[in-house]
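>>> pasting the sequence and the predicted model now:
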Amino acid sequence: MTTMLTESQLASQADTAVTAVAPVAPVTPQAPAKAPARKPAAPRARSRAVPEKEHKVLAQPGFVLHSYPYKETSLIIDVFSRDHGRVALVAKGAKRPHSKLRGALQTFQPLSLSWSGKSEVRTLTDAEWVGGLLPLEKSALLCGFYLNELLVKLLAREDAHPALFDHYVATLNKLAHGENAPIVLRQFERILLRQTGVAGNWSHCVSSGKTVQADGIYVVDPEQGTRPERISDRAPKVSGKTLLDMEREDYSDPTTQLQSKFLMRYLLAHHLGGAQLNTRQILIDLMQL
């Protein structure tokens, strides 16, 4: 937050005093008295900037979300770690043919990552493939890139979300095993908004504080929460049953699947602040998500 400094206007007043001095008899002039010698001023202590402590992390579970070239032989990678959140790292020499990092820094592969440094972009010191997940293929691979784009655009740097990390791992596992992609993505989107603090319990009405009625029609305000519908509403209208189903992570009802899709699209667009999701349109075209 930027602090605005206001300049104070100070007015100073000078008082002039006129003193009438009576004449006095002349006296013998004397040599002017010497001014007392000034003591040398004590030297000011120089303020020294406290050096920032080097940040070291060892063997942290994580995934590569995105990478792009840096200089001739290196990469900048955006990683999602379990205990440190989203972190930017420079992988020095990762593009060299025989680099140990070259084969390890792949998306959707569980890694053990170590890094150090003081700046915002720290230096990757080690990356080891852990294994344990099947590779994503075909449409599941595109869904994985959609998850990564959501994390890059909605997570602040170095804001840890261990529960979200665990859910991300579970989501990749579900996609790799061919589970229903639209349902898997709805579950992840809801957990993401809740874990980042922008969504609460949608099954409770903010105006009454009571649980929504299954046969009622509601609107989820992105900033306020769930409330009864209004005639003037342009936001998606959803049934109370859909909101209750989403809270239970039960998407077996086709109506719940349809309404939750438009609800999540609306809420994500709001919280992204107009930023476009490059992977979503491809998903819509291919899978009508």
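Thanks, I have the structure now.

>>> list the residues that contact residue 219.
Going by Cβ atoms under 8 Å, 6 or more residues apart in numbering, residue 219 touches 226, 227, 228, 229, 230, 233, 235, 236, 237, 238. Quick note: C-beta positions are derived from backbone N, CA and C, even for glycine.

>>> now with 10 Å, please.
Applying Cβ atoms under 10 Å, 6 or more residues apart in numbering, one finds that residue 219 lies in contact with 225-230, 233-238, 263, 266.

>>> top of the residues you listed by neighbour count?
Counting neighbours by other Cβ atoms under 10 Å, residue 238 leads the contacts of residue 219 with 27 neighbours.

>>> would that one count as being in a strand?
Yes. According to DSSP: H, G, I helix; E, B strand; the rest coil, residue 238 belongs to a strand.

>>> give the bridge partners for it, please.
Note on residue 238: beta-bridge partners by DSSP bridges are residue 218.

>>> could you measure from it over to residue 180?
20 Å (Cβ to Cβ, to the nearest Å).

>>> out of the contacts of residue 219, who's nearest residue 169?
The closest of the contacts of residue 219 to residue 169 turns out to be residue 263 (Cβ to Cβ; 25.2 Å).

>>> now do the strands in the stretch 1-150 of the chain.
55-70, 74-81, 85-91, 111-117, 121-129 (DSSP state E, counting those that start in this stretch).

>>> could I get those strands as TSV with mean pLDDT and distance to residue 243?
Shown next, in TSV, are the strands of the stretch 1-150 of the chain (pLDDT from 0 to 100; distance: least, Cβ to Cβ, whole Å):
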stretch	mean pLDDT	distance to residue 243
strand 55-70	93	30
strand 74-81	96	29
strand 85-91	96	29
strand 111-117	95	37
strand 121-129	94	41
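
>>> can you list those strands in CSV and add mean neighbour count and distance to residue 196?
Shown next, in CSV, are these (neighbours: other Cβ atoms under 10 Å; distance: least, Cβ to Cβ, whole Å):
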stretch, mean neighbour count, distance to residue 196
strand 55-70, 16, 15
strand 74-81, 22, 13
strand 85-91, 21, 11
strand 111-117, 20, 22
strand 121-129, 17, 23
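
>>> using TSV, lay out these together with distance to residue 97.
Listed next are the strands of the stretch 1-150 of the chain as TSV, based on distance: least, Cβ to Cβ, whole Å:
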stretch	distance to residue 97
strand 55-70	15
strand 74-81	14
strand 85-91	15
strand 111-117	21
strand 121-129	17
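
>>> so which of the contacts of residue 219 sit within helices?
Residues of those located in helices (DSSP state H): 263, 266.

>>> including pLDDT and distance to residue 195, could the contacts of residue 219 go into JSON lines?
Below are the contacts of residue 219 laid out as JSON lines (pLDDT from 0 to 100; distance: Cβ to Cβ, whole Å):
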{"residue": "225", "pLDDT": "94", "distance to residue 195": "16"}
{"residue": "226", "pLDDT": "95", "distance to residue 195": "19"}
{"residue": "227", "pLDDT": "94", "distance to residue 195": "23"}
{"residue": "228", "pLDDT": "95", "distance to residue 195": "27"}
{"residue": "229", "pLDDT": "94", "distance to residue 195": "27"}
{"residue": "230", "pLDDT": "92", "distance to residue 195": "29"}
{"residue": "233", "pLDDT": "90", "distance to residue 195": "27"}
{"residue": "234", "pLDDT": "90", "distance to residue 195": "27"}
{"residue": "235", "pLDDT": "93", "distance to residue 195": "22"}
{"residue": "236", "pLDDT": "95", "distance to residue 195": "22"}
{"residue": "237", "pLDDT": "95", "distance to residue 195": "26"}
{"residue": "238", "pLDDT": "96", "distance to residue 195": "21"}
{"residue": "263", "pLDDT": "97", "distance to residue 195": "18"}
{"residue": "266", "pLDDT": "95", "distance to residue 195": "19"}
